[in-house]
Structure formats: C-alpha cells, structure tokens
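A.B. asks: make a model of this:
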Amino acid sequence: MKVLLVDDNRLMLEGLQNLLEAHEIEVAGMALNGRQSLDLACELKPDVILMDIRMPGGDGLAATRAIKAQMPEARIIILTTSTEDDDLFEAIKSGASGYLLKSMDTDELIEALAQVRQGTPPFSPGLATKLLAEFARVGNPKELAPSQISAVTAEPGSGGMLNSRQIEVLKMVADGLSYKEVGARLYLSPRTIKYHMAEIMNRLHLENRAQVVAFAGQMGWMAYSPKN
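C.D. replies: Reported below is the predicted structural model:
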C-alpha cells in the first residue's frame, strides 16, 4: 500500500512516516498543504491519501474535492483533530472515504488502514453513528449527496460500508423475514445470514433489529420485493 501524507505540521508528517514504514506501509510522498497534495496525488497515484483539514495554503476539503474531480478512484481518508459535525459531513460530501481523529492510538490507525485495504471505510468511534443521524435528519436519501450515500452503500472495494449482498440481506431482514427465510431466498444457510447481519450491525454501529429497520426505512429500503 502506497500512502500520501498531507499535513501542515512537519513533525506530524515525520511521525506518521516513521509509524507507517515501521509497519511496512510505503509513504509515497508528503505534502504541506492542499495545493501540493493535488500535484503529488496526480504524480504518485497513491493507494490512500491521509488528509488534514485545516492547512494554510489550501485546506484539505477543497483539496479532496479537487483530487476526486481528477482521480475519482482516489481513496482519501481525513485525519484531523476536528470533531465538528459540519467538518465530518462536508468531508463525506467532498468525496472522503473515511474520517479519523488524530487522538486515536497508533494501533488503531494501522488497523484503519487495514480496513481501507479491505474496502471498508474507516471512521473513528462514534462518527459513523453521526452519519446515520444525518441520514435520519435529512429523511429522504434522494436529498443526500452521492458521496454521502456511497459512504454507507457501495460495491466491495469502492469505499462503502456495505456490499451488495449485505444490502440485500439488510433489506429482507428489515422487511420482517427470518434468517431462515432470507437464507432460503439467497440459497445460504441461516448461520451465514446471521453472520452477515452481525457484520452489517458492526459496520453501521447499530445495536438491535429495531435500529436496522429504522435505518432501512430512512434509506427507502422497506417493502423489499426480491426479483424472481
């Protein structure tokens, strides 16, 4: 995995470089502001970009939008001190694939990058829940930016929290089908369906079936009718 680091703090950059290289993660380059990050991203084509938000000479959210415009496949993870909801929501709207806080442990950062490698967007604890709350506040998924929806729903490897099979399982369970019934329709065992639901609830930070139903309703996924 090749990573581009973007932060205006040189000590932060050096610390991140040492940490990542100690875990055999290649640091392809480092930028001190958003403008530099755009040039380096286009030149180096890194697998992941760790992007700060507030930097003199070009902020990270503007840089994220610019990079995604030229490199739609770019995986940009915000790494910041900001816990502001507006920054989180704007980052996802801008095309970021995850949002991490600098206060996280070093082991958590390495684990987050491992999630990115597997196609799962990383979020610091509690932040994915805030995204779901934003879905609930908006009420109509059609009013959300495509990047907000894709932060939760996407094909494997594209940066979404759920893959197509997990979405299919979630829809059926939310519609009232038992694990046995879902399994019969998908030619899977009830145990496999239970595993999928555990993964779904873990990724979306949902605690019970009622929250699953509420989430599916806010996404417009109720009254699901599988194709014959």
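
A.B. asks: show me the residue at the heart of the chain, geometrically.
C.D. replies: Pro121 (2.8 Å; Cα atoms, centre = their mean).

A.B. asks: surely that one is within a helix?
C.D. replies: No: under DSSP: H, G, I helix; E, B strand; the rest coil, Pro121 falls outside any helix and is assigned coil.

A.B. asks: quick one, phi/psi of it?
C.D. replies: phi -70, psi 130 (degrees, to the nearest 10).

A.B. asks: which residue packs closest to it, ignoring adjacent ones?
C.D. replies: Gly98 (4.4 Å; Cβ to Cβ, 6 or more residues apart in numbering). Where you see a C-beta, it was placed from the backbone N, CA and C, and this is true even at glycine.

A.B. asks: how about the contacts made by Cys42?
C.D. replies: Ile67, Gln70, Met71 (Cβ atoms under 8 Å, 6 or more residues apart in numbering).

A.B. asks: how about a cut-off of 7 Å?
C.D. replies: Gln70, Met71 (Cβ atoms under 7 Å, 6 or more residues apart in numbering).

A.B. asks: which residues are contacting the longest helix seen in the chain?
C.D. replies: Longest helix in the chain by number of residues (criterion: DSSP state H): helix 190-204. Helix 190-204 has contacts (Cβ under 7 Å, 6+ apart) with 120, 128, 132, 161-162, 165-166, 169-170, 173, 179-180, 182-183, 212, 215.

A.B. asks: just the buried residues of the helix or strand following it, please?
C.D. replies: Next helix or strand after helix 190-204 toward the C-terminus (DSSP states H and E): helix 209-218. Across helix 209-218, burial judged by 16 or more other Cβ atoms under 10 Å covers Val212, Val213, Ala214, Phe215, Ala216, Gln218.

A.B. asks: how many neighbours does Arg35 have?
C.D. replies: 16 (other Cβ atoms under 10 Å).

A.B. asks: not counting its neighbours along the chain, what's nearest it?
C.D. replies: With Cβ to Cβ, 6+ apart as the criterion, Arg35 has its nearest non-adjacent residue at 4.0 Å, and that residue is Gly58.
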